[in-house]
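S.K.: Predicted model, plus sequence, below.
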Amino acid sequence: MCNLYTLAPWEVRQLIQHYRLIGRDFEEVMRGRNKTLDVYPNRPAPVVVEQDGQRIVRQDMLWGFPPFRLGAGYGTNFRSLKNYLWCPWLDREHRCVVPASAFSEPDKNTPKGAVVWRWFERADKQPFFFAGIWRPWAGYRGTKKVRNIGDHTLFSIMTTEPNGIVEPIHEKAMPVMLMTPEDVEQWLQGVSVEDALKMQKPAPDDEIMIRPDATKAA
């Protein structure tokens, strides 16, 4: 898990308002967006953080911590909490929540070269948050066409074991989904790391579903 997720601006606007997480930046972030946003590694996405005692939405974060070695992929998700790449950023100051409408996983039951990506969403069709962490970082985050060397802010998403809906498609992991205001509060406000990490558990089977639409890998 998972290197692709999506969010619909109108759904997320409602989500932020419902959870009372609106910050002064949010309308600026979403203004003019009427299309669903697909988020891939090393792309910017809205992320809710606590700053100066308020929760605000930041748009300048790139998805993925630095690769753990040269040539490796970006650290888009984390599960092992003892890894040196994640441990320093599990404190309350660096926890965040990432709004989403659905996430995608490659279906292990489809053939190589024609892999189908399945989309998972809430059974009630409502958006949700991923539990995440963020960090500052300086270095190269560009592409062959566009060089991007400098100071960056990065985020990563916490995962857990898959539930009964995800496991038949993708047995490795699923993202930690925060689906109630209480979930969000415990992740962001947990004074100790141990208290916040009680949220590292799979969503109940009856609360998520597979979308009927799918995407075939190129």
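M.R.: Nice, thanks for sending it over.
S.K.: Can you report how many residues neighbour residue 63?
M.R.: 25 (other Cβ atoms under 10 Å). All C-beta atoms are positioned from the backbone trio N, CA, C, and that covers glycine.
S.K.: One more: the one 10 residues further on?
M.R.: Neighbour count of residue 73, defined by other Cβ under 10 Å: 11.
S.K.: List the contacts of it.
M.R.: 3, 41, 64, 67 (Cβ atoms under 8 Å, 6 or more residues apart in numbering).
S.K.: wait, the first one sits on residue 41?
M.R.: Meaning residue 3. Yes: between residue 3 and residue 41 there is a contact under Cβ atoms under 8 Å: 5.5 Å.
S.K.: Name the residues contacting each of these two.
M.R.: Joint contacts of residue 3 and residue 41 (Cβ under 8 Å, 6+ apart) are 73, 76.
S.K.: who has more neighbours, those two?
M.R.: Under the criterion of other Cβ under 10 Å, the comparison of residue 3 against residue 41 puts residue 3 first, with 18 against 14.
S.K.: so where does that one fall, helix or strand?
M.R.: Residue 3 is located outside every helix and strand, with elements delineated by DSSP states H and E.
S.K.: Roughly how far does it sit from residue 198?
M.R.: Here the criterion is Cβ to Cβ, to the nearest Å. By it, residue 3 lies 26 Å from residue 198.
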